[in-house]
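1. structure here, sequence nowhere to be found:
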C-alpha cells in the first residue's frame, strides 16, 4: 500500500473515532471534572498501548533521544482533551465538531512555520471554504451573530484546545526520530497523564469514582481506547505520510459523523441551516484530498 493511501485511510478512521468523543463527551460533561476524566483516560490509554509496545519488544533506546519531546506533545494533547470536555458542558456536539474543522487552517499555518510546508491555491480555497462552513455552523447561520461575534462560551473554550491540537500534528513530524508509532503514542500518553495528574490531583482526589453513572465509564473506556490510544497512533501515522493541512483535512468529516452519532442516540438531525454549513465542510474535504504532488 502506498504511504499516502495508508495516511488517508488512517485519518478516515481517525475522524470516525474522534466523532464519538463529541457525542459521548456531551453526555458526561458536568458529571465529572474534565481534568480528572482526561487524566484517567490517558493512563488507561498508556496501559493499552504499553501492552502493544511490550509485544513488539519494548521501548528502544532511540526513544530517549531528546526526551523533552514527549512532555511537550503530551501536554498539547492533554490541553486539547481537557478543553474539549470543558467546552462540551455548554456547546452542542455538532457545533463543537464544527469548531474542530477550523484546525486544518491552523495546522496549515503551523505546518509552514515548523516544516515549511507550502499550500497550493486549491488547498487555500479548500481551507477557506471549510472555515466558512465551520463558522456558519458555529454562528447558527445567522449573519448578525457572526458580525457581533456572538460565539458560545463552550465553542470559544474548545477553540483554544483546537489550537493545541493543530500544533501537535506538524510538531510530531518535526521532532520524530523514527520511533515506532506505538512507542511514540506510549510516551505521549504517559507524559500527558503525568502532567494531568500533577495539575488535577485535587480534582482527582475529590471525585467520587464509585458513584459515577455508567455512561461516564462507557465514555472513559471509549475515549481511552478508541479516541486516545487508537486515534493517537492513527494521527501519528498520517502525520509522517501527509502534509499537516491534509492530515487535518479529515476533521471536515467530523460534523457529519457527529450527526450520525447523535441520530443513533435518538436525537433529531440538525436543521437545514446547519446542514448547509456541514455541506461546505464536505466540499472542502473533497478539494483538499485531490492529488497535489507539489504540495508535499
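-> Everything's here; your move. Just so it is clear, the structure is predicted and the values come from calculations on it, not from any experiment. Numbering: from 1, shown residues only.
2. just the pLDDT for residue 85.
-> We have a pLDDT of 91 for residue 85.
3. so how many other residues sit close to the closest residue to it other than its chain neighbours?
-> Leaving aside its chain neighbours, residue 85 sits nearest to residue 34 (3.7 Å; criterion: C-beta to C-beta, 6 or more residues apart in numbering). Quick note: C-beta positions are derived from backbone N, CA and C, even for glycine. By the criterion of other C-beta atoms under 10 Å, residue 34 has 24 neighbours.
4. hmm, residue 119 is touching residue 107, no?
-> No: shown here, residue 119 and residue 107 do not form a contact pair, counting by C-beta atoms under 8 Å, at 10.8 Å.
5. compare the two and say which is more crowded by neighbours.
-> In this view residue 119 and residue 107 are compared by other C-beta under 10 Å, and residue 107 has more residues nearby, 29 against 19.
6. next, the buried residues of the lengthiest helix in the chain.
-> With secondary structure taken from DSSP state H, the chain has its longest helix at helix 3-28. Along helix 3-28, these residues count as buried under the neighbour rule (16 or more other C-beta atoms under 10 Å): 7-8, 10-11, 13-28.
7. enumerate the positions of the host helix or strand of residue 49 that are buried.
-> Under the criterion of DSSP states H and E, residue 49 resides in helix 34-55. By neighbour count on 16+ other C-beta under 10 Å, the buried set for helix 34-55 is 34-50, 52-53.
8. got any ranges where this protein has weak pLDDT?
-> 1, 138, 140, 145-150, 244-245, 248, 289-296 (pLDDT under 70).
9. got a list of contacts for the helix holding residue 49?
-> Here helix 34-55 makes contact (C-beta atoms under 8 Å, 6 or more residues apart in numbering) with 28, 59, 74, 78, 81-86, 180, 182-183, 185-186, 189-190, 192-193, 196-197, 199-200, 203-204, 206-207, 216, 219-221, 223-225, 228-229, 232-233.
10. list only buried entries from these.
-> Those of the contacts of helix 34-55 that meet the buried threshold are 28, 59, 74, 78, 81-86, 180, 182-183, 185-186, 189-190, 192-193, 196-197, 199-200, 203-204, 207, 216, 219-220, 223-225, 228-229, 232-233, by 16+ other C-beta under 10 Å.
11. how far off centre is stretch 226-235?
-> Its chain's C-alpha centre and that of stretch 226-235 lie 9 Å apart, by C-alpha atoms, centre = their mean, to the nearest Å.
12. can you list the buried residues in the helix or strand harbouring residue 169?
-> Applying DSSP H and E as the criterion places residue 169 in helix 153-175. Of the residues in helix 153-175, 154-159, 161-173 count as buried by neighbour count, 16+ other C-beta under 10 Å.
13. kindly report the same for stretch 247-260.
-> For stretch 247-260, burial by neighbour count (16+ other C-beta under 10 Å) applies to 247-259.
14. these in helices, which ones?
-> If you go by DSSP H, the buried residues of stretch 247-260 have 247, 248, 249, 254, 255, 256, 257, 258, 259 in helices.
15. let's have these in JSON lines, adding distance to residue 267.
-> Formatted as JSON lines, these follow (distance: C-beta to C-beta, whole Å):
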{"residue": "247", "distance to residue 267": "30"}
{"residue": "248", "distance to residue 267": "27"}
{"residue": "249", "distance to residue 267": "27"}
{"residue": "254", "distance to residue 267": "16"}
{"residue": "255", "distance to residue 267": "14"}
{"residue": "256", "distance to residue 267": "15"}
{"residue": "257", "distance to residue 267": "14"}
{"residue": "258", "distance to residue 267": "10"}
{"residue": "259", "distance to residue 267": "9"}
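16. pick the one among those closest to residue 98.
-> Of all these, residue 255 has the smallest distance to residue 98: 5.3 Å, by C-beta to C-beta.
17. show the contacting residues for that closest one.
-> So residue 255 contacts 94, 97, 98, 101, 137, 277, 278, 281 (C-beta under 8 Å, 6+ apart).
18. of those, closest to residue 68?
-> Closest approach between the contacts of residue 255 and residue 68, by C-beta to C-beta: residue 101, at 31.0 Å.
19. neighbours of the closest one, how many?
-> By other C-beta under 10 Å, neighbour count at residue 101 equals 30.
20. surely it meets residue 282?
-> No: Residue 101 is beyond contact range of residue 282, at 10.1 Å (criterion: C-beta under 8 Å).
21. mind listing the shared neighbours of these two?
-> Shared contacts of residue 101 and residue 282 (C-beta under 8 Å, 6+ apart): residue 252.
22. give me the helices and strands touching the helix or strand containing residue 194, please.
-> Counting by DSSP H and E, the element that carries residue 194 is helix 181-199. Counting contacts by 3 or more C-beta pairs under 8 Å, 6 or more residues apart in numbering; DSSP states H and E, helix 181-199 is packed against helix 34-55, helix 69-87, helix 231-239.
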